[in-house]
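Q: model the structure of this input:
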Amino acid sequence: MSARRLAGIFVRLKLSLLRNGLRQSSARTTVFVISLVFALLIATGQLLGLVLLRGNEHAMTVAVLLTAVLALGWAVMPLFFPSGDETLDPTRLVMLPLRPRPLVFALLTASMVGIGPLFSLCLVLGAVLALAHGGFALALSVIALPLALLVCVALARAVAAGNIRLLTSRRGRDLAVLSGLVIAIGLQLVNFGAQSLSNAGGLSALEPVADVVRWVPPASAIGAIDSASDGSYGVALAQLALSVAALHALLWSWARSLNALMTTPDGSTLAAASTSSREGASAGMHRLLPESRTGAVMQRSLRYVWRDPKTKMAWVSALAIGLIVPLLNALQGTGSVYLACFAAGMLGVQMYNQFGQDTSAFWMVAQTISTAKDAYAELWARALALLVVTLPYTVLVTVVVAAVLDDWETLPSALGLSIAILGALLATGAVASVRFPYSIPQDSAYKNAAPGQGGIAWISIFGGMLVAAVLCAPMIVATIWLHTTDRHGDLWLLLPAGATYGLLIGWAGVRLAAPGMASRLPEILTAVSKG
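A: Numbers count the residues shown, from 1 in each chain. Now for the predicted structure:
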C-alpha cells in the first residue's frame, strides 16, 4: 500500500474517531464545541494582533517567541493529555502489517486534523504576515509556514512515541491529573513575567532572548522570514536549513521509537526482573522508620502520597502553591516573611479526612483498633508521616522567602508561627477526620467528595481552619506585640515557643480525637465507603 493511500485511510480514521467520540454523550459534544469556539476566538485574536504588528520594531520578537512557546506547548501537551487523541498511541497498530516510515507519514498527515493544528496554523500565519516584506521573503514563507507547523506536530508525535509506555501507565495518568496544576502555575508565571516586562521597559527587554530563540527550530523558520526581509539571504537560508534538519531528526526519532514499539515486548510483562531492585529501593527508603505499628502506618501513609493519584495531586498542589504564593510576592517586593505561613496552612490541611483516602479498605484499619490507645497510635503515626514532609518543607519555604527579602531578623518568628499553625492544623485535622469523615470518589478526577457529602467536606475543612486560627491566637498576639513594642531583638524567642506550642497542640488534638475514633469505627467506615 502506498504511503499516500495509507495517509488517506488514517485521516478518515481520525475523523471517525472524532465523530464517534462526540456521539458518546451530549456533554462531550458541548465541551468540544466550546473548546473549538474558544480556540478559534483566541487564534483569530492572535492572527489579527500579529498582522497589526507588521512594520513594528518588536514584530520579530513577538513572532519568534510566540512560535517557540507554541512548539513548547506541542512538546508538553502529550505528556499531560495522553488520552486526548486516540492516534497518539501507536501500540494500537501493532498487529497491522505496517512499516515505520509509511506509518510515520500517515500519522503525520492525520495529525494535521484537529483543533490544535488549526490554532497553530493561525498563529504561524500571523507570524509570517507580520514579518514577510519583499518578494524573496514571501517566497520563503511558502516553505517556512508549513515547515514550522510540521516541526511542531512532529515534535509532539516524537515525544508521545518515545514516552508511550509511561503515558499509558499509572504514572501517565498521574501526569494527566497534575495537568491543571501545571496550567495554574504557568498562568502565575506568565502574570509575573508580564509584570516584570512592564517594569523592565516592555518588549525591548526580550530582544536578547529573541535573538537566540530565532536560531532554535521551529522559531528559526519564522526568523528566516525576518532575515530575508532584511536582505540577509544567507542567514535566512541557514535558519530555514536548521528547521529542515530538526524536522528530519524528529521524524527519524519518531520512526525509531515506532520500530521499537512494534518489535519489543511491553516492559510490564518483564516486571519480575526488576521486582527485587524495586523492593531493595523500597526497603532502603523506609529503613529509617521505626519497626512498630507507628512505622507501618507511616509507611502506608507515605505510599498513599506516592501512589494514589488524588492524594498525590493534593500534595503536589499544596507543595507548589505553598511555595509560589509567598515567593512571587517576595520577588515582586510586596511580600513578607510571614507569608511563608501560607505554606504551613496548605500542607496542614492534608491532615483533614485522613480516612477518606482509605475508601472501603478502611475496614482493614478498623480491624486493628480495639481501644483508644490503638486509635491514638494510628492517628499519631499519620500525623508523623505528614510531619516528615511538611516540617522540612515549611522550614525551606520560610528560609527561601527570608533570603529573597533579605529579612533574616523576622525568620525565627515567622518559622515559629508557621510551626504553630502546622501543629494546630494537625490537631483540628485529626478531630475533623474522626467527626466529619467523607468518601473520595475514585472514578472521577474532579470530585473530591461523594454526592451528598459536599457539605460535610466544607464544614470539616473551613470549620477546622477557623478553630486552628483560634488555637494559634496566643502565638499571633505575641508576634504582633513584639513588633508593636519594637522588641525586635526578642523575636527569636518565638521559634522555640512556636515549635513547643505546635507540638503540644498537635499532640493534644490527636489525643482528644483518639477515643472518638475508637467508638465511631462503623460510622467512619460507612462514610468513607460511599464513593
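Q: quick check on Phe38: phi, psi?
A: phi -60, psi -40 (degrees, to the nearest 10).
Q: residues touching stretch 335-343, excluding its own?
A: The set of residues external to stretch 335-343 that reach it, using CB atoms under 8 Å, 6 or more residues apart in numbering, is 322-323, 325-330, 393-394, 397-398, 401-402, 404-405, 407, 410-411, 413-415, 417-418, 421, 479. The C-beta positions use only the backbone N, C-alpha and C, and glycine is treated the same way.
Q: just the C-alphas of that stretch, formatted as PDB.
A: What follows is stretch 335-343, C-alpha atoms only, in PDB (Å, rounded to 0.1, in the frame of the first residue of the first chain):
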ATOM      1  CA  GLY A 335       5.800  40.200  50.300                       C
ATOM      2  CA  SER A 336       6.700  39.400  53.900                       C
ATOM      3  CA  VAL A 337       8.400  36.500  55.600                       C
ATOM      4  CA  TYR A 338       5.200  35.800  57.400                       C
ATOM      5  CA  LEU A 339       3.600  34.900  54.100                       C
ATOM      6  CA  ALA A 340       5.600  31.700  54.400                       C
ATOM      7  CA  CYS A 341       2.900  30.700  56.900                       C
ATOM      8  CA  PHE A 342       0.700  30.100  53.800                       C
ATOM      9  CA  ALA A 343       2.800  27.000  53.100                       C
END
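Q: where does the stretch 51-200 of the chain have low pLDDT?
A: Within the stretch 51-200 of the chain, the stretches with pLDDT under 70 are 78-95, 163-200.
Q: what segments of it are helices?
A: Using DSSP state H, counting those that start in this stretch, the helices of the stretch 51-200 of the chain run over 59-80, 100-110, 115-131, 135-162, 164-167, 170-177, 179-200.
Q: the fourth one to helix 100-110, inter-axis angle?
A: Using axes from the mean of the first three to the mean of the last three CA atoms, to 10 degrees, the inter-axis angle of helix 135-162 relative to helix 100-110 is 110 degrees.
Q: how about helix 135-162, which residues are buried there?
A: For helix 135-162, the neighbour count (16 or more other CB atoms under 10 Å) marks 137, 140-141, 144-145, 147-162 as buried.
Q: from the contact counts, what lies against the longest helix that the chain contains?
A: In the chain, with assignment by DSSP state H, the single longest helix is helix 372-405. With contacts taken as 3 or more CB pairs under 8 Å, 6 or more residues apart in numbering; DSSP states H and E, helix 372-405 sits against helix 293-307, helix 309-331, helix 341-348, helix 411-435, helix 494-519.
Q: lowest-confidence helix or strand of this structure?
A: Least confident helix or strand, the chain: helix 272-285 with a mean of 44, by mean pLDDT, DSSP states H and E.
Q: which residues touch the helix or strand Leu466 falls within?
A: Assigned by DSSP states H and E, Leu466 falls within helix 464-471. With CB under 8 Å, 6+ apart as the test, helix 464-471 has contacts from 345, 348-349, 352, 421, 424-425, 427-429, 431-432, 505.
Q: residue ranges with poor pLDDT in the stretch 351-500 of the chain?
A: Looking at the stretch 351-500 of the chain by pLDDT under 70, you get 442-452, 454.
Q: repeat that with 50
A: Where the stretch 351-500 of the chain drops to pLDDT under 50, the residues are 445.
Q: tell me how far Ala160 lies from Ala59.
A: 33 Å (CB to CB, to the nearest Å).
Q: oops, could you answer that again for Ile324 instead?
A: 33 Å.
Q: more crowded one of the two?
A: Each of Ile324 and Ala59 has its neighbours counted (other CB atoms under 10 Å); Ala59 has more, 21 against 18.
Q: the helices and strands packed on helix 372-405: which one's closest to Ser370?
A: Of all those, helix 494-519 sits nearest to Ser370, with 7.5 Å by CB to CB.
Q: about what we covered before: what packs against the very next helix or strand once past the helix holding Leu466?
A: Following helix 464-471 in sequence order, the next helix or strand is helix 473-484 (DSSP H and E). On a contact count with 3+ CB pairs under 8 Å, 6+ apart, helix 473-484 meets helix 411-435, helix 494-519.
Q: out of those helices, which comes closest to Ala260?
A: Ala260 sits nearest to helix 411-435 of all the helices and strands packed on helix 473-484, at 47.2 Å, using CB to CB.
Q: the closest one to helix 494-519, inter-axis angle?
A: Going by the same axes, to 10 degrees, helix 411-435 makes 10 degrees with helix 494-519.
Q: residue contacts, Leu129?
A: Contact partners of Leu129, counting by CB under 8 Å, 6+ apart, are 47, 50-51, 54.
Q: nearest to Ser120 among the residues you listed?
A: Using CB to CB, the contacts of Leu129 come closest to Ser120 at Leu47, 11.4 Å.
Q: ok, the closest one to Pro217 distance?
A: Distance of Leu47 to Pro217, given as CB to CB: 22 Å.
Q: again with Ala137
A: In terms of CB to CB, Ala137 sits 19 Å off from Pro217.
Q: same deal with Leu327?
A: Counting by CB to CB, the gap from Leu327 to Pro217 is 33 Å.
Q: so the two - more neighbours on which side?
A: Remark: of Leu327 and Pro217, Pro217 carries more neighbours, 27 against 19, as counted by other CB under 10 Å.
Q: sec struct for the more buried one, please.
A: Recorded secondary structure, Pro217: coil (DSSP: H, G, I helix; E, B strand; the rest coil).
Q: may I have the phi/psi pair for it?
A: For Pro217, the backbone dihedrals are phi -60, psi 150 (criterion: degrees, to the nearest 10).
Q: out of the contacts of Leu129, who's nearest Val113?
A: Using CB to CB, these come closest to Val113 at Leu47, 19.8 Å.
Q: show me what contacts the closest one?
A: 122-123, 125-126, 129.
Q: among these, who's most crowded?
A: Gly126 (25 neighbours).
Q: His58 versus the closest residue to it other than its chain neighbours, what's the distance?
A: Of all residues not flanking Gly126 in the chain, Leu50 sits nearest, at 3.1 Å (CB to CB, 6 or more residues apart in numbering). To His58, Leu50 is 11 Å away according to CB to CB.
Q: higher neighbour count, those two?
A: Using other CB under 10 Å as the criterion, Leu50 and His58 rank with Leu50 on top: 24 against 14.
Q: my guess is that one contacts Leu65, does it?
A: No: here Leu50 does not reach Leu65: they are 11.6 Å apart, not a contact under CB atoms under 8 Å.
Q: tell me how many other residues surround Ala228.
A: Quick note: Ala228 (other CB under 10 Å) scores 27 neighbours.
Q: mind checking how far it is from Ala473?
A: Computed as CB to CB, the Ala228 to Ala473 distance reads 69 Å.
Q: of all the helices and strands packed on helix 473-484, which one is nearest Tyr233?
A: Counting by CB to CB, Tyr233 lies closest to helix 411-435 out of those; the figure is 59.0 Å.
Q: now the angle from the closest one to helix 372-405?
A: 150 degrees.
Q: any idea how far Gly423 is from the nearest residue to Ala514 once chain neighbours are set aside?
A: The shortest distance from Ala514 to any non-neighbouring residue, by CB to CB, 6+ apart, is to Tyr376 (3.7 Å). Note on Tyr376: its distance to Gly423, by CB to CB, is 16 Å.
Q: who has more neighbours, these two?
A: Set Tyr376 next to Gly423 and count neighbours by other CB under 10 Å: Gly423 wins out with 31 against 21.
Q: domain parsing for this protein?
A: Annotated domains of the chain cover 3-163+198-264, 291-528 [automatic domain parsing].
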